[in-house]
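Participant: model the structure of this input:
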Amino acid sequence: MHDKLTKQDIALMEKELEDRRLNIRPAIMEEVKRTRAFGDLSENYEYKAAKDAQRKNDSRMRYLENMIKTAKIIDEDKGRPGGAKLYDRVTLWLPEDEEEMVIQVVSTVRTDPSQGRISLESPLGKAVLGARVGDVLTVRVSESYAYDAEVRAIEPADDDGSAPLLPY
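Facilitator: Now for the predicted structure:
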């Protein structure tokens, strides 16, 4: 399965990958070399911690390389003309809870529900993309549960790169 990513997502991943290759990895390698000289490796916590950091960094690099290689680039302007697009700030009224919420629909690698960034693959993200002000959406969470949301406002926005990549 290919992840749906924007050009900005790919750029952020390439930037992180370059930093990990050119800065983080050499520093970790130096730490492994330094701590190896402490002696008995079976009881050398510093060496084990350095090796663990090396494994985590190498794993993250492989993850980023794979994501970049297999990504399906999507258009941020996807949706109906005049409707909500990726990164637009959308104000929703939830009658069931009697509250308003503001969300941004983002790619799967930059979600953060606590900050209002909702995945385009989520039920809410799918419902909101293309919606217009005044639309009442039915968000189907599962076969047995759905809720309504009314689009109250759409504030056009672009991906400014401020939403960080998920750690994994």
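
Participant: name the nearest residue to G82, ignoring sequence neighbours.
Facilitator: Take G82 and drop its neighbours on the chain: the residue closest to it by Cβ to Cβ, 6 or more residues apart in numbering is R132, 5.8 Å away. Every C-beta, even on glycine, is put in place using the N, C-alpha and C of the backbone.

Participant: please tell me how far that neighbour sits from A84.
Facilitator: If you measure R132 against A84 using Cβ to Cβ, to the nearest Å, the figure is 8 Å.

Participant: same question for I10.
Facilitator: From I10 over to A84 (counting by Cβ to Cβ), the distance is 23 Å.

Participant: please say which of the two ends up with more neighbours.
Facilitator: More crowded of I10 and A84, by other Cβ atoms under 10 Å: A84, with 26 against 16.

Participant: report pLDDT for the more buried one.
Facilitator: A84 carries a pLDDT value of 94.

Participant: so is it in a helix, a strand, or just coil?
Facilitator: For A84, the assignment made with DSSP: H, G, I helix; E, B strand; the rest coil gives coil.

Participant: which residues touch it?
Facilitator: 90, 105, 128-132, 151, 154 (Cβ atoms under 8 Å, 6 or more residues apart in numbering).

Participant: and for R132 and A84, which residues touch both?
Facilitator: With Cβ under 8 Å, 6+ apart as the test, R132 and A84 both reach 151, 154.

Participant: separation between the most centrally placed residue in the chain and G116?
Facilitator: Centroid-nearest residue in the chain: R110, 1.6 Å away (criterion: Cα atoms, centre = their mean). Distance, R110 to G116, using Cβ to Cβ: 12 Å.

Participant: R140 too?
Facilitator: Applying Cβ to Cβ to R140 and G116 gives a distance of 21 Å.

Participant: go on, V141?
Facilitator: The spacing between V141 and G116, counted by Cβ to Cβ, is 18 Å.
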